[in-house]
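Peer 1: A structural model of the following input is requested.
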Amino acid sequence: MTNLSPASTSTPLSIRVVAPAKINLVLRILDRRTDGYHNLWSLMQTVQVEDEITIAQTDTHPGVTLRCDDPSLKTDGSNLVYRAAMAVMEQSGRVGGLDITLAKRIPMGAGLGGGSSDAAATILGLNQLFNLGWAAEKMAHIGQTLGSDVPFFFFAPSATVAGRGEQVAPVRIKGTRWVVLVNPGFPVETKWAYQQLSANRAGVAPLSRPHAMLEQVSELGWEQVLEAAENDFEGPVFQTYSMLQEIKQRLLAHGAEAALLSGSGATVFGVFREEAKARQAQALFMNEPQFKVFVAQTSHPSS
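Peer 2: A predicted model of the protein is given here:
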């Protein structure tokens, strides 16, 4: 089950979907593939920081019109929401027009999968709006053509992800945690992070037994997950951006059970057992005007 759930609207010709951010509780970058990409292995989890997408059918124009409340985000054919909508129209044979409005809350270039989640939410929303009846696997296959993180969101809130991102296995993590997300206000380019990682490590460590064990069970506890928390990008990214390492250390010093870079950055998150502790940690960063700081619960299965 995905937690990109539609909300009721006043007309059946439109639908509203939410697109949650993700964090990488584990992110291992493994061997380079023959196609030039790297195999990865990750345990991913959605958190309740969400973009919102409204999709309406229209007969006033053909094709897709996209609007966004963040003027820095392009709304042309390069946008993942636009591309996702066009892919669904093509795959389903639908014609007509769509007006799509994107309300952004997830920072961009932040390692939180905002663009990928928006794409997945668009596919999910159109599947329901057009009454296509596509299974998660079908939607994930379309999503895979748009970006490596997109398939995960059809199997959220928690899943292991392997290969280029196309191998997704849902897992259940018992209970919830509070997460403090600290975004420093600048992006880290994924391509650069991969280049730095390749240049600065002597070899590729195989997947550890504790990580491999995470996908052997159907249900995990947070203690088990957090003991295994690791991100291969931390070494090279922290070497260049020492501020991010300092954020991690401050979160740990103020009670985080674990703190980690998400994706290739630049967001660093801390995991807390109690909301009060998370709010106290959030307050540490509130006097940094360039920072974007969120406190959110981890998403949990709807069934």
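Peer 1: what strand or helix carries residue 121?
Peer 2: Assignment of secondary structure by DSSP states H and E places residue 121 within helix 114-129.
Peer 1: from the contact counts, what lies against that helix?
Peer 2: Counting by 3 or more CB pairs under 8 Å, 6 or more residues apart in numbering; DSSP states H and E, the packing neighbours recorded for helix 114-129 are strand 6-7, strand 14-32, strand 38-58, helix 80-92, strand 97-103, helix 136-144. Heads up, the C-betas are built off the backbone N, CA and C, glycines and all.
Peer 1: neighbours of residue 95, just the number please.
Peer 2: Burial measure for residue 95: 8 neighbouring residues, criterion other CB atoms under 10 Å.
Peer 1: let me see the contact set for the nearest residue to residue 275 once chain neighbours are set aside.
Peer 2: The shortest distance from residue 275 to any non-neighbouring residue, by CB to CB, 6 or more residues apart in numbering, is to residue 178 (5.0 Å). Residues touching residue 178, when contacts are defined by CB atoms under 8 Å, 6 or more residues apart in numbering, comprise 271-275, 277-278, 295-298.
Peer 1: using JSON lines, lay out those together with neighbour count.
Peer 2: Conversion of the contacts of residue 178 to JSON lines gives the following (neighbours: other CB atoms under 10 Å):
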{"residue": "271", "neighbour count": "24"}
{"residue": "272", "neighbour count": "25"}
{"residue": "273", "neighbour count": "17"}
{"residue": "274", "neighbour count": "11"}
{"residue": "275", "neighbour count": "12"}
{"residue": "277", "neighbour count": "17"}
{"residue": "278", "neighbour count": "24"}
{"residue": "295", "neighbour count": "19"}
{"residue": "296", "neighbour count": "20"}
{"residue": "297", "neighbour count": "14"}
{"residue": "298", "neighbour count": "21"}
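Peer 1: from the residues you listed, pick the one nearest residue 70.
Peer 2: Distance to residue 70, by CB to CB, is smallest for residue 296 among these, at 19.2 Å.
Peer 1: pretty sure the closest one sits against residue 46.
Peer 2: No: with contact taken as CB atoms under 8 Å, residue 296 and residue 46 are classed as non-touching, separated by 9.6 Å.
Peer 1: find residues that contact each of these two.
Peer 2: residue 21.
Peer 1: ok, back up a step: quick one, which of the helices and strands packed on helix 114-129 is nearest to residue 248?
Peer 2: It's strand 14-32; of these, that one is closest to residue 248 (CB to CB) at 13.2 Å.
Peer 1: neighbouring strands - and their directions - for that closest one?
Peer 2: According to DSSP bridges, strand 14-32 forms sheet pairs with strand 6-7 (antiparallel), strand 38-58 (antiparallel), strand 230-231 (parallel).
Peer 1: and residue 238, which of those is closest to it?
Peer 2: Each of these has some distance to residue 238 by CB to CB; the shortest is strand 230-231, at 10.0 Å.
Peer 1: tell me which residue lies farthest from the centre of this structure.
Peer 2: Note on the chain: the largest separation between a C-alpha and the mean C-alpha position, by CA atoms, centre = their mean, falls on residue 60 (33.6 Å).
Peer 1: that older thread, report pLDDT for the residue nearest to residue 275.
Peer 2: Per-residue confidence at residue 178 stands at 98 (pLDDT).
Peer 1: return the distance of it relative to residue 89.
Peer 2: Residue 178 sits at a distance of 39 Å from residue 89 (criterion: CB to CB, to the nearest Å).
Peer 1: again, but for residue 14
Peer 2: Looking at residue 14 against residue 89, where the rule is CB to CB, the gap reads 16 Å.
Peer 1: over to residue 140?
Peer 2: Applying CB to CB, the value for residue 140 to residue 89 is 18 Å.
Peer 1: neighbour count: these two, which is higher?
Peer 2: residue 140 (22 against 18).
Peer 1: who's in contact with that one?
Peer 2: Residues 150-151, 154-155, 166, 168 are the ones in contact with residue 140 under the rule CB under 8 Å, 6+ apart.
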